[in-house]
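>>> build me a structure from this.
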Amino acid sequence: MTTVGILGGGQLARMLALAGAPLGLRFLVMDTVADACAGQFAPLLVGDYRDEAALAEFASRIDVATFDFENVPAASAEWLAQRVPVYPGPRALATAQDRLAEKTLFRELGIPLPEFADVPTREALDAAVVAIGAPGILKTRRLGYDGKGQFRIRSQADLDAAWEALGAQAPKVGLIYEAFVPFERELSVVAVRGRGGEFRTWPLTENWHVDGVLSASLAPAACDPALTAQAHAHARSLAERLGYVGVFALELFCRDGVLLANEMAPRVHNSGHWTIEGAETSQFQNHLRAVLGLPLGDTGALGQACMLNWIGAMPDAAAVLGEAGGHWHDYGKQARDGRKVGHATLRADTPAALADALARVGAALGRMPQVAPVIARLRD
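Prediction:
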């Protein structure tokens, strides 16, 4: 029986283990904390990702390794790759870990993106704002996610505060300044590439964020075929250049009929959770198929689906489970402000039926602000 090792023991590892059960797979999860929620469904090895003794034990008990988050040290992935197959490869991981390297790759591939500049010093920040203009966003090059490690700069009057907030991190993780994009929509394309180069994408997903954290995802997004073709071409070019194996997501801004790349996530992605019930093959099972060298599954959508993130604490499940197309996911985490603790997916055959279901759920849970923009899109 094949054992898949997962570095990182959060909800993504948990959902990978659940998706792998029908394939007869075993899992070993490695995380730095003993209460990692994936440990409720798979054996858990607790250790530092830089600890070679812990990594050696991990490698000795698995057949192939993958990740549930992108901040595993690239050097640890390299070390592990000398002992067991690691997918996606350390090169893809290292590129996605550094916003400057990632955006430089986008530019090399001809993928449109907002202007950006490396910001190693305060003087470099001043120069970047003069060259690119404001508004813009100062971000850490590494380790930022879900809106963390970012500071919005609206004018030059904000530079002192921005540097005070993030400048101390410049020598450690680097900083980058990006032009603000007055986008019309936020979209993502979730794609998968197999060991032999087979490539597939799920339908485009439209996303809504609150305070930098994903709030809701709608799929398939209503998009012009040319826009969909743009997204798929960008994802394919990235996958081919990196020799990527597994699932990844490319986050995009849509402005004036053009897609601008925001960032790449080298793993299964929050905006692809709808695929568990809303697609023929979920992102989680296709990721496992890819890393194991199995044929990829069909990525077509089954009707219309909306995923709602639960942040901080879980609401009452009854309103969702009372819907014919309602699906509930509790990650088994302790409630905490800002923490992703679960999600729900509502699925229906038509946009109108999904809009009606979201309206009922939103009203019952007091979540109308979360579902209102999705309903408006469905009824547009």
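>>> contacts only, for the closest residue to residue 258 other than its chain neighbours.
Excluding its sequence neighbours, the residue lying closest to residue 258 (C-beta to C-beta, 6 or more residues apart in numbering) is residue 112, at 5.9 Å. Heads up, the C-betas are built off the backbone N, CA and C, glycines and all. Residues in contact with residue 112 (C-beta atoms under 8 Å, 6 or more residues apart in numbering) are 258-261.
>>> and the gap between the residue nearest to residue 142 when sequence neighbours are not counted and residue 143?
The spatially closest residue to residue 142, leaving aside those adjacent along the chain, is residue 173, at 4.0 Å (C-beta to C-beta, 6+ apart). Distance of residue 173 to residue 143, computed by C-beta to C-beta, to the nearest Å: 5 Å.
>>> could you do residue 339 as well?
Counting by C-beta to C-beta, the gap from residue 339 to residue 143 is 17 Å.
>>> ok so, going back, so what's the residue nearest to residue 258 scoring on pLDDT?
For residue 112, the pLDDT comes out at 96.
>>> now it: how far from residue 91?
23 Å.
>>> next one: residue 324
From residue 324 over to residue 91 the distance is 45 Å, taken as C-beta to C-beta.
>>> who has more neighbours, these two?
residue 91 (17 against 9; other C-beta atoms under 10 Å).
>>> and that one, that one's in a helix?
Yes - applying DSSP: H, G, I helix; E, B strand; the rest coil, one finds residue 91 inside a helix.
>>> for it, give me its contacts.
Neighbouring residues of residue 91 by C-beta under 8 Å, 6+ apart: 242-243.
>>> now the helices for the stretch 1-150 of the chain?
Here the stretch 1-150 of the chain has its helices, by DSSP state H, counting those that start in this stretch, at 11-20, 52-60, 74-81, 90-97, 99-108, 122-132.
>>> which parts of the fifth one count as buried, going by neighbours?
Put plainly, it is helix 99-108. Neighbour-count burial for helix 99-108, counted by 16 or more other C-beta atoms under 10 Å, picks out 99-100, 102-103, 105-106.
>>> can you lay out these as JSON lines showing distance to residue 132 and pLDDT?
JSON lines is the format used below for the buried residues of helix 99-108 (distance: C-beta to C-beta, whole Å; pLDDT from 0 to 100):
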{"residue": "99", "distance to residue 132": "15", "pLDDT": "93"}
{"residue": "100", "distance to residue 132": "14", "pLDDT": "94"}
{"residue": "102", "distance to residue 132": "17", "pLDDT": "96"}
{"residue": "103", "distance to residue 132": "13", "pLDDT": "96"}
{"residue": "105", "distance to residue 132": "19", "pLDDT": "97"}
{"residue": "106", "distance to residue 132": "16", "pLDDT": "97"}
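>>> turn those residues into JSON lines, columns for distance to residue 345.
JSON lines is the format used below for the buried residues of helix 99-108 (distance: C-beta to C-beta, whole Å):
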{"residue": "99", "distance to residue 345": "30"}
{"residue": "100", "distance to residue 345": "35"}
{"residue": "102", "distance to residue 345": "29"}
{"residue": "103", "distance to residue 345": "32"}
{"residue": "105", "distance to residue 345": "32"}
{"residue": "106", "distance to residue 345": "30"}
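>>> just say helix, strand or coil for the nearest residue to residue 269 once chain neighbours are set aside.
Of all residues not flanking residue 269 in the chain, residue 249 sits nearest, at 3.5 Å (C-beta to C-beta, 6+ apart). At residue 249 the chain is in strand, as set by three-state DSSP.
>>> isn't residue 249 right next to residue 188, touching?
Yes - counting by C-beta atoms under 8 Å, residue 249 does reach residue 188; the two are 5.2 Å apart.
>>> between these two, which contacts overlap?
Counting by C-beta under 8 Å, 6+ apart, the common neighbours of residue 249 and residue 188 are 269, 271-272.
>>> now the helix or strand harbouring residue 362, how far from the centre of its chain.
For residue 362, the element it lies in under DSSP states H and E is helix 351-365. Centroid displacement of helix 351-365 relative to its chain, using C-alpha atoms, centre = their mean, to the nearest Å, is 25 Å.
>>> quick check: buried residues in that helix?
Buried residues in helix 351-365, counting neighbours by 16+ other C-beta under 10 Å, are found at 351, 353-362, 364-365.
>>> I'd like the residues you listed laid out as TSV, including distance to residue 329 and pLDDT.
Shown next, in TSV, are the buried residues of helix 351-365 (distance: C-beta to C-beta, whole Å; pLDDT from 0 to 100):
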residue	distance to residue 329	pLDDT
351	23	97
353	21	98
354	18	98
355	22	98
356	22	98
357	17	98
358	17	98
359	21	98
360	19	98
361	14	98
362	18	98
364	18	98
365	15	98
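>>> could I get the residues you listed as TSV with distance to residue 128?
Output for those, formatted as TSV (distance: C-beta to C-beta, whole Å):
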residue	distance to residue 128
351	42
353	48
354	43
355	43
356	48
357	46
358	41
359	44
360	48
361	44
362	41
364	47
365	43
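>>> between these, which is nearest residue 218?
Nearest to residue 218 among these: residue 354, at 8.3 Å, using C-beta to C-beta.
>>> bridging residues for the nearest residue to the closest one once chain neighbours are set aside?
The shortest distance from residue 354 to any non-neighbouring residue, by C-beta to C-beta, 6+ apart, is to residue 348 (3.9 Å). Residue 348 forms beta bridges with residue 304, as assigned by DSSP bridges.
>>> ok, residue 231 touching residue 185?
No - using C-beta under 8 Å, residue 231 is not in contact with residue 185, being 11.8 Å away.
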